[in-house]
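# let's see this in three dimensions:
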Amino acid sequence: MSTYDPAALECLAAIVEEGGFERAAQRLNITQSAVSQRLRALEAQVGTVLIVRSRPLKPTSAGNLLLKHTRQLRLLRADLELDLRELAPSTTGGAREEERIAIAVNADSIATWALPAMNGLARQGLPLEIITDDQDFTHEWLREGQVMGCVTTVKQALRGCKVVPLGAMRYVAIAEAAFAKEKYPQGLTPHNFREAPFIAFNRKDDMQSEFVGKACGLKRVALNQIFVPSSEGQVRAVLAGWGLSVVPELLVRGLLEEGRLVNVAPQAALPIQLYWHCWNLQSEVLDGLSAALTKAAEGALVSAERSRPAAR
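Model prediction:
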C-alpha cells in the first residue's frame, strides 16, 4: 500500500474545506503554486483526479476516500496530543488550523443541549468544528467522510460506524401570546392552520407540515412558510408576530412559562428520536466526545430505551 505525504493530504483537505486554492494557500501559509504542486503530486501518486475543478470545487470519489483518511489521521494526532499533555502537563502548543475535529449536529440540538455538553472538551483545547444541518441530513456528512460523528434521526448504523440512541427531542407548536389569542383562540385545528404562515428552518425542514398533519389528523398538508435558518431566529420571528413555528420545547420552555409564548396544540407534541453516530475507532478523543454528548442528552432529552452501541 502506498504511503501518502501528510502535507499533501492536508493540502487536499484545505482545498476542499476552504473552497479554493487561494484560501487553502492562506490557511497552510504556502503559495498557491505550492498548493497546486502538492495536489498534482498526490493525484499522480493515486493515479486519478481528486478534485473536480468546478464552482464550487468538489472532491471525486477517490478524493473523498483520501479526505476521510486525512480526518482519521487528525483524530490519531489529537489522541496523541491528549496523551502527551497527560504525560507532560507543561507541554503547550495547541492544535493547528488543519487539525480540527469535525462533527455534524442539527441546529436545534446546538441551540439547546449539545453545546453545553462539549464545554469541557472545548476548554481543554479540543479543536472542534461543528457543522450544522437538518437532523434528517447530518448523517450524509458522516457517510461522505466529511465529519467523524453526527447527531441525526437515522437509526441504522452506517458502515464502519457505531450508533448510540440519545433520546427524543419534544417539539411543540408556538405562537406569540396576543397573536395566538387573535388567530387561534381555540388552538390549532384543521380549519385554521392556514390562518398564518409557519416559520420553518429551511426548505429541507418538514417538521412544520409533519406536526400539523399529526395535530389535525391530515395526511397531506400544504403550508404557507417563511424560512429563517436559525433555531433562535425562528423563536424571535414568532415573538415578533410573523406567524407560528414548531420548535423544541427545550428552547422555549422559559418563554412559555412567562406567558410570552403559547402552545397552540398542547395535545400534539411531536417527539423526534435522535442518535449519535461516530466512526467505530479506538480513540480517547472520540470516546470522550461520545460520552459527553450521551451524558448531556440523558439530562435534556426525553428518555429512550438505551442499548449498547451497535457497530457494523
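# residues near residue 131, how many?
13 (other CB atoms under 10 Å). Bear in mind the C-beta positions are built from the backbone N, C-alpha and C, glycine included.
# and stretch 291-301, average pLDDT?
For stretch 291-301, the mean per-residue pLDDT is 95.
# let me see the domain layout of this structure.
1-90, 91-167+272-311, 169-271 (automatic domain parsing).
# report the distance from the first one to the chain centre.
Put plainly, it is domain 1-90. Distance of domain 1-90 from its chain centroid, counting by CA atoms, centre = their mean, to the nearest Å, is 22 Å.
# which residues in the stretch 1-150 of the chain form strands?
51-52, 58-59, 101-106, 128-133, 149-152 (DSSP state E, counting those that start in this stretch).
# report all helices and strands that the last one contacts.
Of the remaining helices and strands, those touching strand 149-152 by 3 or more CB pairs under 8 Å, 6 or more residues apart in numbering; DSSP states H and E are strand 101-106, helix 138-143, strand 270-279, helix 284-300.
# now it - C-alpha only, CSV.
Extracted in CSV, the C-alpha atoms of strand 149-152 (Å, rounded to 0.1, in the frame of the first residue of the first chain):
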residue,chain,number,x,y,z
GLY,A,149,-19.5,11.9,14.1
CYS,A,150,-23.1,13.3,13.8
VAL,A,151,-26.4,13.8,15.7
THR,A,152,-29.1,12.5,13.4
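# on that earlier part again, most neighbours per residue, which of the helices and strands packed on strand 149-152?
strand 101-106 (a mean of 24; mean count of other CB atoms under 10 Å).
# so which elements touch it?
Strand 101-106 packs on helix 61-87, strand 128-133, helix 138-143, strand 149-152, helix 284-300, going by 3+ CB pairs under 8 Å, 6+ apart.
# per-residue confidence averaged over that strand?
93.
# and residue 260, which of the strands of the stretch 1-150 of the chain is closest to it?
strand 101-106 (24.9 Å; CB to CB).
# the inter-axis angle of the closest one versus strand 128-133?
Angle of strand 101-106 versus strand 128-133, following axes from the mean of the first three to the mean of the last three CA atoms, to 10 degrees, is 30 degrees.
# returning to that earlier point: the strands of the stretch 1-150 of the chain: which one's closest to residue 77?
Closest among these, once you apply CB to CB, is strand 101-106, at 10.0 Å.
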